[in-house]
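# Sharing a sequence plus its predicted fold:
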Amino acid sequence: MHSSLLPAPLGYDLAAVDISLPPSLTFSDDWSPSLSATLYKVHAWGAPYFAVNSSGNITVRPHGSETLSHQEIDLLKVVKKVSDPKSSGGLGLQLPLIVRFPDVLKNRLHSLQSAFDYAIQSQGFESHYQGVYPVKSNQDRFVVEDIVSFGSSFRFGLESGSKPELLLAMNSLCKGSPEAFLVCNGFKDSEYISLALLARKLALNTVIVLEQEEELDLVIEISSKLCIRPVIGLRAKLRTKHGGHFGSTSGEKGKFGLTTTQILKVVKKLEQVGMLDCLKFLHFHIGSQIPSTTLLADGVGEAAQIYCELVRLGAQMGVIDIGGGLGIDYDGSKSIESDISVGYSLEEYAAAVVQAIQYVCDRRSVKHPLICSESGRAIVSHHSVLIFEAMAASAYAAPTFSTLGLQCLVEGLSEEAHADYHNLSAATMRGEYEACLLYTDQFKQRCVEQFKQGTLGMEQLAAIDGLCDMIGKTIGVNDPVRTYHMNLSVFTSIPDFWGIEQMFPIVPIHRLDERPTVRGTLSDLTCDSDGKIDKFIGGESSLPLHELKGGHGSGGYYLGMFLGGAYQEALGGVHNLFGGPSVVRVLQSDGPHGFAVTHAAPGPSCGDVLRVVQHEPELMFETLKHRAEEFGDDDGNNVVNAAALATCLARSFNKMPYLVASSCGLNAVNNNNNNNGFYYCSSDDDYNAAAAAGGGEEEEQLSYCCA
């Protein structure tokens, strides 16, 4: 306790009081990238794909543990290449940004296949593994096409759960292995089933998995009409239940699948119509993020018993599809008690599956089945990194009271508040911590009441707030956590955090050679109290961060959200009409920068997101252009004329909804020819520049918006 904080009599210069925050981190003044790696647990959740280099930047190791040092990709260099203007050799894209690394995707596929191949070989299993990727995890065209291409040599296939997903899977697998499975899951109507049967007619290895008993009648009827012999699978509703958040689809009351009674009815009906030979595939799913191999083996063993029973009943079974559930370790804790961690490796997962199936089949003298899995999260999560920028941060404003100012403040208080002040001063002098807190709160509340009654001015109330904050800070009870304002929409880019409190590793991608001096939470751009991130891996309610350099809008502080390649893009909405991020595809290269950008796409423009909610940007622009022609010259300003206004309006429809640096101005207009027409008018200078530059390019800009 600072006994001299509120001395009596009043005669102490509060400006001299040291109210600097005590260090929130207990590390020494010497700092290093390795300390940052430990602080942010990069080695725990990021291995073998992410690390911190000697410059203090996050690097991507595209080939996993086989990545050589010169092959690592510096994320900050990628961001600079993508966001720098074209005139400077960049791509001129705006943040937020998703960076995809196909090399990581390829490594994940090969690692999964290798894990099963090793388990099968080492245990003497007499069949093979042949996985499928559930496209619902990330339906991006390049992601799906990469998976089909990378997995073609080991017959890796796709899984769909809807008609559009089935169409994209059919198209993609035309370039894949002819043996690759096309697994059709989800609720089905006659159109879905017809489409799946047509896929089989196109020589795609299609399996229709029955989720409901009623679907069988449609399969029998439509396959007969089309004269196409189907391959039929069953989704079994197991008794084994996953107890975590993602286990709601498992157990006897799960959303999908057939009970034992229903399975027997399906077998009987297929036998009656002479189609029992079509039943070849058993599927089950006990939930995403399966925490332990014990639970996994229990479920797989139960399914293997059902498989053997179907063989006994005369079905020509050949495949057990263990569904999804292969988890990833989001926080690096390797805990089986957490929804964001798992207690096993890829190799341990594969070994548990193979052993459980082999044990049951050997006991029942049943031929070993082909093993299929539908791992989505484990395949695509690591390959994608979301990069966003801190635009500003809230900061503590230290009060600077003079002796005279404080004396005048106290003299203006009510008798009760004046008494609280003297009690507070006395408690401070005595070093009584609890009493000091009590009197501070009581003093502040009385002053607030005075303000509400009109007997205390705003300047006095602000001074009282500063005084009370200073007291709390000095005795160490004020919350030192700052709010960092991010150029991002949580609802669009990290919907699982908002929806189910799924946590992802979030780390500054640079300045990790510097000691973080503050802690912060992250606030997004949306007008919503839920648009924030205040829970982080490790059970933390704030994140160690660095001070921003420069003033508002200077930017330059980049954070990455990792392991978010699954589900976030598909689930993201358009809250406040913030669209998706820009996206680039980056391959490891032996060139001077160590990487090559093979595909780049700007995020949706304002016009794009307006179309999503049924507005018509072209008509909107025409309305505003006519308005500009009617009122644009009313103020007598010959520079900001109707043509300049219309030009700026046209460009605004084509800009992303996210913030841009406030210093665009004339340079932005001058660079416009090298930036695909993207521009943002944010000040009077911008209007002036647009007017100056707009005369010769007005028609081009207007037609660009309306094309």
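Happy to help now that I have it.

# Contact partners for Leu370?
Contact analysis of Leu370 by C-beta atoms under 8 Å, 6 or more residues apart in numbering lists Ser127, His128, Tyr129, Gln130, Gly318, Val319, Ile320. From N, CA and C alone the C-beta is placed, and that goes for glycine too.

# Need phi/psi at the third one.
When quoted as degrees, to the nearest 10, the phi and psi of Tyr129 stand at phi -100, psi 140.

# mind checking pLDDT for the closest residue to it other than its chain neighbours?
Distance criterion C-beta to C-beta, 6 or more residues apart in numbering; nearest residue to Tyr129, sequence neighbours excluded, is Phe116 at 3.6 Å. pLDDT, Phe116: 98.

# does Thr206 really touch Ala196, like I thought?
Yes. Counting by C-beta atoms under 8 Å, Thr206 touches Ala196, with 5.5 Å between them.

# Need the overlap of contacts for the two.
Contacts common to Thr206 and Ala196, judged by C-beta under 8 Å, 6+ apart, are Leu182, Cys184, Pro230.

# Among the residues you listed, which one has the most neighbours?
Cys184 (31 neighbours; other C-beta atoms under 10 Å).

# Let me know the distance separating it from Pro369.
Distance of Cys184 to Pro369, given as C-beta to C-beta, to the nearest Å: 19 Å.

# returning to that earlier point: please identify which helix or strand holds the residue nearest to Tyr129.
Element membership for Phe116 (DSSP states H and E) is helix 102-123.

# Next, the buried residues of that helix.
102-113, 115-116, 119-120 (16 or more other C-beta atoms under 10 Å).

# what sits up against it?
Against helix 102-123 from outside (C-beta under 8 Å, 6+ apart): 49, 60, 62-64, 66, 125, 127-129, 131, 142-143, 146-147, 150-151, 154, 156, 326, 346-347, 349-351, 353-355, 358, 371, 375, 378-380, 382-383, 585, 587-588.

# Quickly run through the sheet partners of the helix or strand following that helix, with directions.
Downstream of helix 102-123, the first helix or strand assigned by DSSP H and E is strand 132-134. Strand 132-134 has the following strand partners under DSSP bridges: strand 157-160 (parallel).

# Now the strand it pairs with: average pLDDT?
Here the average pLDDT along strand 157-160 is 98.

# could I have that strand exported to CSV, CA atoms only?
Extracted in CSV, the C-alpha atoms of strand 157-160 (Å, rounded to 0.1, in the frame of the first residue of the first chain):
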residue,chain,number,x,y,z
GLY,A,157,-12.2,-40.2,-51.8
LEU,A,158,-14.9,-37.7,-50.8
GLU,A,159,-18.0,-37.7,-48.6
SER,A,160,-21.0,-35.5,-49.2
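
# Find the nearest non-adjacent residue to Arg61, please.
Closest to Arg61 by C-beta to C-beta, 6+ apart is Thr67, at 3.8 Å.

# Can you list phi and psi of that neighbour for me?
phi -70, psi 130.

# So that it lines up with my notes, have the first residue be 579 from now on.
Sure, I'll start counting at 579 from here, so that last one is Thr645.

# Among the contacts of helix 680-701, which are located in strands?
Val638, Ile949, Arg1163, Leu1165, Gln1166 (DSSP state E).

# Report how many residues lie close to the fourth one.
For Leu1165, the count of nearby residues is 16 (other C-beta under 10 Å).

# What separation is there between the residue nearest the centre of the chain and His1153?
Central residue of the chain (C-alpha atoms, centre = their mean): Ile1072, 3.7 Å from the mean position. Remark: distance between Ile1072 and His1153 (C-beta to C-beta) = 12 Å.

# Also Val944?
52 Å.

# Same check on Leu675?
19 Å.

# Between the two, which has more neighbouring residues?
The residue with more neighbours, out of Leu675 and His1153, is Leu675; 24 against 19, by other C-beta under 10 Å.

# pretty sure that one contacts Ser962?
No. Applying C-beta under 8 Å, one finds Leu675 not in contact with Ser962, separated by 10.7 Å.

# Now Ile884. Nearest residue, chain neighbours left out?
Looking at Ile884 with C-beta to C-beta, 6+ apart, the closest residue is Ala814, at 5.2 Å.

# Outline the domain layout of this structure.
680-960, 975-1053, 1185-1211+1218-1232 (the TED database).
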